[in-house]
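Output the structure for:
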Amino acid sequence: MIALYTYSARTGGDAWFGIDALRVLGEATFAAGVVLCIGAAIALALANPSFRSPGHATAAVTAVFSFPVFFLLRTHVLNPDGAMFTRKFEADVPRVGAHLTHDEVLELFLHSRVWYYTHQWWGWSVVFSYQVVSCLAGALFVYGLLRLAPRLAPARTWLFLIGAVSGGYMQLFFGDVENYTVSAAIVVFYVLAAHRYLSGEVGLHVPSAILAVAMCFHLETGWLLPSWLYLAWVERSRPGSNAVARSAALGLAIGAATLAYFHFHGLPIWRLHSSQTGLAFRMQVVFAVGMPLEYYLDQLNLLLLLCPAVALAVPLFVWHRHERDRSAVFLAIAAASMVSMQVVWKAQLGVREDWNLYAIGGMLATFAIWRAAASAAVTVPLRFISAGIAAVACFHTYAWILSNHRYQ
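A predicted model of the protein is given here:
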């Protein structure tokens, strides 16, 4: 990884956009950062620090203090969609109360209402209100991650946490002006609820309801339905249970109620035909069919940016198969479903501009890989290698986040 980042940082260019963020640092800072990463990896490998599961209050306080970090380093980069939100909100919010589409109805409704009130009270712009909500979603993500980490990786939780925040998907929470931030935070709670279900703490209706809410925020999270089907399969294997039908009905009721409400509040149901989802049902435009080789090279770059440790998936799959439990299978299905979206779903704005469309897949792949790595790193050399990869990935990811913050 260090060799790859070094080469790309020196050569730069569009062909390396997923791994060249370190070139903004300069050679001296780059070299010092690499040395610091190696030193940190050695210290962590030898110390193997314990991590006590935080309570609700500790996790909440940490989440609150994460907000100013997200906000002070918020991005100044807008993709074409983000640049158009101002015009769309200013036209639709006074007229019908919100700018709405069926693809991301609750995300847009939330952002519309936040802008409406903050503009009246404090004169906030559409972009600034988006950034505040994205940073608040980051705080919610931190809370969920702290509650999730000790459950997913009770051994070497520290390694899972460092790895979990080492992916470029974290840029979502640094004020990204798009409609994926709240959805991503909700997905973390879906994973937490699924793990609690598999541990016997809650019923299937809990992850079912959370996934349904996530889909109402953004239909992209519907790619997680295969992971819900796995939970349903687990439930069906339990004798005398009829929770699958009840949970499915609950999820459908949440979706139907959302559609019905907005049908009478600015988003008639027939407009579903012209949405991205409607185009997908008609097999038009949205699928990446016949794309040139450069498109898929860009997607590989993006995967390396969103989940720098993706190459670890191969050795973990080959040599760590005996450690798979139901939570590992669930995470693998969820990650594979979302990452497959990069192959199937076309980036309408171009891969680099549409990076956030695929960020949830990078997040889940990161969770799956680092859960397995934390379990596998039982010796000092393995802990050093794993911590080193996590540290270098963090170095690269936050250099990219810093470059977006400094962008003029």
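
For the residue nearest to residue 183 when sequence neighbours are not counted, give me its contacts.
Once flanking residues are discounted, residue 183 sits nearest to residue 218: 4.0 Å by C-beta to C-beta, 6 or more residues apart in numbering. All C-beta atoms are positioned from the backbone trio N, CA, C, and that covers glycine. By C-beta atoms under 8 Å, 6 or more residues apart in numbering, the contact set of residue 218 is 103-104, 106-107, 179-180, 183.

Next step: those restricted to strands.
Applying DSSP state E to these, no entry is found in strands.

And those residues, which is closest to residue 249?
residue 106 (20.3 Å; C-beta to C-beta).

Can you tell me how far the closest one is from residue 96?
15 Å (C-beta to C-beta, to the nearest Å).

Compare those two (neighbour count), which wins?
residue 106 (20 against 13; other C-beta atoms under 10 Å).

measure the more buried one to residue 113 for me?
Residue 106 is 11 Å from residue 113, where distance means C-beta to C-beta.

For this structure, name the helix or strand with the lowest mean pLDDT.
When the helices and strands of the chain are scored by mean pLDDT, DSSP states H and E, helix 276-281 comes last with a mean of 72.

Return the set of buried residues in whatever helix or strand comes next after that one.
Next helix or strand after helix 276-281 toward the C-terminus (DSSP states H and E): helix 293-306. For helix 293-306, the neighbour count (16 or more other C-beta atoms under 10 Å) marks 298-299, 301-306 as buried.

export those residues to TSV and tack on pLDDT and distance to residue 406?
Converted to TSV, those look like this (pLDDT from 0 to 100; distance: C-beta to C-beta, whole Å):
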residue	pLDDT	distance to residue 406
298	92	23
299	93	26
301	91	21
302	94	21
303	95	25
304	93	22
305	94	18
306	96	21
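
Could you export those as TSV, including distance to residue 367?
Output for the buried residues of helix 293-306, formatted as TSV (distance: C-beta to C-beta, whole Å):
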residue	distance to residue 367
298	24
299	20
301	21
302	18
303	15
304	17
305	17
306	12
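
closest to residue 16 among these?
Closest to residue 16, out of all of those and judged by C-beta to C-beta, is residue 301, at 7.1 Å.

Secondary structure element for the most centrally placed residue in the chain, which one?
Using C-alpha atoms, centre = their mean, the residue of the chain that lies closest to the mean C-alpha position is residue 360, 3.1 Å off. In the assignment (DSSP H and E), residue 360 maps to helix 359-376.

Mind giving me the packing neighbours of that helix?
helix 157-164, helix 181-198, helix 293-306, helix 313-319, helix 326-344, helix 380-406 (3 or more C-beta pairs under 8 Å, 6 or more residues apart in numbering; DSSP states H and E).

Just tell me which of those ends up closest to residue 277.
With C-beta to C-beta as the measure, helix 326-344 is the member of the helices and strands packed on helix 359-376 nearest residue 277 (13.6 Å).

List the buried residues for the closest one?
327-328, 330-339, 342.

Spatially, which two of those residues are the most separated?
Checking the buried residues of helix 326-344 with C-beta to C-beta, the most distant pair is 327 and 342, at 23.9 Å.

what's the first-to-last distance across stretch 2-21?
13 Å (C-alpha to C-alpha, to the nearest Å).

May I see the buried residues of that stretch?
2, 4-6, 8-9, 16-21.

Now do it: everything it contacts.
Residues contacting stretch 2-21 (C-beta under 8 Å, 6+ apart): 22-23, 25, 30, 34, 297-298, 300-305, 352, 392, 396-397, 399-400, 403.

Give me the phi and psi for residue 325.
Dihedral pair for residue 325: phi -110, psi -170, per degrees, to the nearest 10.

That one: how many residues sit nearby?
9.

Same question for residue 279.
Count around residue 279 with other C-beta under 10 Å applied: 15.

can you pull the contacts of it?
285-286.

what separates it from residue 291, distance-wise?
Between residue 279 and residue 291 the distance, using C-beta to C-beta, works out to 17 Å.

which parts of stretch 350-359 are buried?
351, 353-359.

Tell me which entries of those residues lie within helices.
Within the buried residues of stretch 350-359, residues falling in helices by DSSP state H are residue 359.

now the buried residues of stretch 350-359 as CSV including distance to residue 254 and pLDDT?
Compiled in CSV, these are given as follows (distance: C-beta to C-beta, whole Å; pLDDT from 0 to 100):
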residue, distance to residue 254, pLDDT
351, 33, 92
353, 32, 93
354, 28, 94
355, 29, 95
356, 25, 95
357, 24, 95
358, 25, 96
359, 24, 97
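
of the buried residues of stretch 350-359, closest to residue 164?
residue 359 (13.6 Å).

my guess is the closest one contacts residue 184, does it?
Yes. Applying C-beta atoms under 8 Å, one finds residue 359 in contact with residue 184, separated by 6.5 Å.

what residues are shared contacts of the two?
Common contact partners of residue 359 and residue 184 (C-beta under 8 Å, 6+ apart): 169, 172.

which stretches of the stretch 101-250 of the chain have low pLDDT?
240 (pLDDT under 70).

just the helices in it please.
105-122, 126-152, 157-164, 181-198, 205-217, 225-236, 243-263 (DSSP state H, counting those that start in this stretch).

among those, which is nearest residue 62?
Among these, the nearest to residue 62 by C-beta to C-beta is helix 126-152 (6.1 Å).
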